[in-house]
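Peer 1: Next come a sequence and a model predicted from it.
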Amino acid sequence: MLSTRKGLGLATLFAAMAAVAGCSSVSQNPNMPTGAAAYDIIPATVEAPTAYTIDPADTIAINVFGEPDLTFEKLRVDDAGYIQLPLVGQIKAAGQTPAEVSQKVAGLLGRKYLVDPQVTISVVEAAPRYVSVEGEVNKPGVYEIDYDTTLLSAIARAESPTDTAKLSEVIIFRTIDGQRMAGRFNLKDIRGGLIPDPIVMDRDVVMVGYSGTRAFWQNFLKAAPALNAFSLIATR
């Protein structure tokens, strides 16, 4: 009787664990780009800019020679990418180089207010850039990144994948021209040098998938001591 109950108990446990593994696995979207198509959306490398372009939340300095009232040591670019200046009003700064904005401000001042104004603009503090790392990592969260931060280094900042992570299902979400795009990558192949390690960019979201199969064996191994104890009791 004890042996029969033990068999039923094991069968029930295996069935429950298998159900959890099947229900908890992340379903793959067949339309999500993978392989070369994923790199078309999320390039392995990003071309270094020849000149710095101003971003929203950057802090810039504006100097108008001989005009202290129009000179600012620190002026923050708002979240929409604009700056506000006396006499000139609101000016779009984001997406342009400091030299381009300098020319624009000088042109506007020269139309009505100053003769041949000399304007110099520089970036004194670049806005921080962030990536969100979610899913099966040990420490999900939002992390500051540099221009050359890669997928591997972003996941490392989240203290690596968990034991139940599905390494073949790591997704990068990115907004391109106002449209939400995504590509799926195989972290194991990236680690092995078989495929490139893509660059992550500001406001990307990295999602590490969940492996039901790994979770199944993790749960089995955790339950193994209890099963052995039950086996000893049953055979006495």
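Peer 2: Received it, and whenever you're ready, just let me know what you need.
Peer 1: Pull up the gap between the nearest residue to P33 once chain neighbours are set aside and P86, please.
Peer 2: Closest residue to P33 apart from its sequence neighbours, by CB to CB, 6 or more residues apart in numbering: G183 at 4.9 Å. (Glycine included, C-beta is placed from N, CA and C.) Using CB to CB, to the nearest Å, one obtains 46 Å as the distance from G183 to P86.
Peer 1: so how far is P56 from the residue nearest to L70 when sequence neighbours are not counted?
Peer 2: Distances taken as CB to CB, 6+ apart put V64 closest to L70, at 4.0 Å, once the chain neighbours are dropped. Separation of V64 from P56 (CB to CB): 23 Å.
Peer 1: Repeat that for L167.
Peer 2: 35 Å.
Peer 1: who has more neighbours, these two?
Peer 2: Ranked by neighbour count (other CB atoms under 10 Å), L167 and P56 place L167 first, with 19 against 15.
Peer 1: Settle this for me: the more buried one is touching I155, isn't it.
Peer 2: No. L167 is beyond contact range of I155, at 10.0 Å (criterion: CB atoms under 8 Å).
Peer 1: Identify the contacts common to those two.
Peer 2: P161, L187 (CB atoms under 8 Å, 6 or more residues apart in numbering).
Peer 1: Now that we're looking at the closest residue to V124 other than its chain neighbours, what pLDDT does it have?
Peer 2: Excluding its sequence neighbours, the residue lying closest to V124 (CB to CB, 6+ apart) is A61, at 4.9 Å. In this model, A61 is scored at 97, pLDDT.
Peer 1: same deal with G35?
Peer 2: 87.
Peer 1: How about A18?
Peer 2: 48.
Peer 1: Can you give me the domain boundaries for this structure?
Peer 2: The record, using automatic domain parsing to delimit domains, assigns the chain the ranges 2-47+128-230, 59-125.
Peer 1: Would you single out the least confident of the ones you listed?
Peer 2: Among the domains of the chain, domain 2-47+128-230 scores lowest, at a mean of 79.
Peer 1: Now the longest strand seen in the chain: buried residues?
Peer 2: Assignment by DSSP state E gives strand 165-176 as the longest strand of the chain. Under the neighbour-count criterion of 16 or more other CB atoms under 10 Å, strand 165-176 has A165, K166, L167, E169, V170, I171, I172, F173, R174 buried.
Peer 1: and which of these is nearest V142?
Peer 2: Lowest distance from V142 to the buried residues of strand 165-176 (CB to CB) belongs to F173, with 13.6 Å.
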